[in-house]
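Novice: coordinates only, sequence not included:
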């Protein structure tokens, strides 16, 4: 992964997070892939009809949409992002992520500090 001089790292084998909802999560940098607790970068594909429960993460999350659309409910506001758009959601903000649309949504998620199930605070 690191070159001989350790000036850069190329990630060729991201950590594939096991899911049971059809979502594809490939973490390139972060706790699961390289132990980095300061930042995580993941390539995601959310299938049509996918959703997660509300959560109040203890990290800032940046999302950049590559293809398709993704819906965010922040407090009571519904926001839909499309290809080429991005959003930053501040830590300790109650949010729900979903793709209620007919096409998959491909996007990048960047979290600071790194994503951790211990910090996501998902509701039942």
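Specialist: Structure received. All figures in this text were calculated on a predicted structure; none of them were measured in a lab.
Novice: those strands in the protein, which residues are they?
Specialist: Counting by DSSP state E, the chain has strands at residues 15-16, 24-29, 40-46, 50-51, 60-67, 69-74, 77-82, 86-89, 95-99, 105-112.
Novice: in the second one, what's buried?
Specialist: Going by neighbour count (16 or more other C-beta atoms under 10 Å), the buried part of strand 24-29 is 25-29. Glycine gets a C-beta too; all of them are placed from N, C-alpha and C.
Novice: nearest spatial neighbour of residue 102, skipping sequence neighbours?
Specialist: Excluding the flanking residues, the one nearest residue 102 by C-beta to C-beta, 6 or more residues apart in numbering is residue 48, at 5.2 Å.
Novice: list the contacts for that neighbour?
Specialist: Neighbouring residues of residue 48 by C-beta atoms under 8 Å, 6 or more residues apart in numbering: 99, 101-104.
Novice: ok, and the most crowded of these?
Specialist: residue 99 (22 neighbours; other C-beta atoms under 10 Å).
Novice: bridging residues for it?
Specialist: Beta bridges link residue 99 to residue 50 when assigned by DSSP bridges.
Novice: try residue 43
Specialist: residue 26, residue 108.
Novice: how many residues are close by it?
Specialist: Neighbour tally, residue 43, other C-beta under 10 Å: 15.
Novice: repeat that for residue 30.
Specialist: Neighbours of residue 30 (other C-beta under 10 Å): 25.
Novice: please name the residues that touch it.
Specialist: So residue 30 contacts 15, 36, 39-42, 111, 114-115 (C-beta under 8 Å, 6+ apart).
Novice: give me every residue that touches the residue positioned nearest the centre of the chain.
Specialist: For the chain, the residue sitting closest to the mean C-alpha position, by C-alpha atoms, centre = their mean, is residue 109 at 3.5 Å. The contact partners of residue 109, by C-beta under 8 Å, 6+ apart, come to 40-42, 44, 61-63, 115.
Novice: no more questions from me, cheers.
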